[in-house]
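>>> Attaching a predicted model along with its sequence, questions to come.
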Amino acid sequence: MERMIIFFVLSFCSSTVLAAASHRAVKYRQIFRVIEELELTVKDKDVELLHTPENPGEGCLDTAVTCFKKGTLKLQPINSQVNATFTKATRVLSRFTFRGPGKCEFSCESYEKKTPKEFLKSFAKLIQKV
């Protein structure tokens, strides 16, 4: 009887841990899809270039995500027809949080400036890396 209770407790705990890990994966997949949607609706000509973190170190992932969140606020839609989709996507990205270990010595301004589409592609690469 004791073995059965121990087995039940272990199986319950392991399923809880797996569910938590899969929730995080689902969240990252959703963010990735939102970035892809935003790439189709973002204006890429005659706009401000954005600081784009590329290949940040392990300790700089949270700083890079913060830079991307700040950059998404500067993006502009192609036209008024995609404005609702664009607004929804930027709202989802502005709520995204990531907490990484360590402190980073780089600031957003230390990264190279790129066009909005390149900016979003780098953001998508970062999300896939995480």
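Thanks, I have it. These numbers were taken from a predicted model, which means no experiment stands behind them.
>>> so is the residue lying closest to Glu54 once chain neighbours are set aside in a helix, a strand, or just coil?
The spatial neighbour of Glu54 that comes closest, neighbours along the chain excluded (Cβ to Cβ, 6 or more residues apart in numbering), is Ser122 at 5.4 Å. C-betas here are computed from N, CA, C, even on glycine. At Ser122, secondary structure determined by DSSP: H, G, I helix; E, B strand; the rest coil is helix.
>>> Ser122 touches Pro56, doesn't it?
No - contact criterion Cβ atoms under 8 Å: Ser122 and Pro56 do not qualify, at 9.8 Å.
>>> Would you mind telling me which of these two has the busier surroundings?
Set Ser122 next to Pro56 and count neighbours by other Cβ atoms under 10 Å: Ser122 wins out with 24 against 20.
>>> Please determine how far the more buried one is located from Asn79.
According to Cβ to Cβ, to the nearest Å, Ser122 and Asn79 sit 24 Å apart.
>>> same check, this time on Ile31
For Ile31, the distance to Asn79 (Cβ to Cβ) stands at 24 Å.
>>> of these two, who's got more company?
Ile31 (21 against 10).
>>> what helix or strand does the more buried one sit in?
Per DSSP states H and E: Ile31 is located in helix 2-41.
>>> how close does the residue nearest to Gln76 when sequence neighbours are not counted get to Pro77?
Among residues not flanking Gln76 along the chain, Lys43 sits closest, at 4.4 Å (Cβ to Cβ, 6+ apart). Distance of Lys43 to Pro77, computed by Cβ to Cβ: 6 Å.
>>> Next: Ala124.
From Ala124 to Pro77 the distance is 18 Å (Cβ to Cβ).
>>> Which residues are in contact with Tyr111?
In this structure, Tyr111 makes contact with 51-54, 67, judged by Cβ atoms under 8 Å, 6 or more residues apart in numbering.
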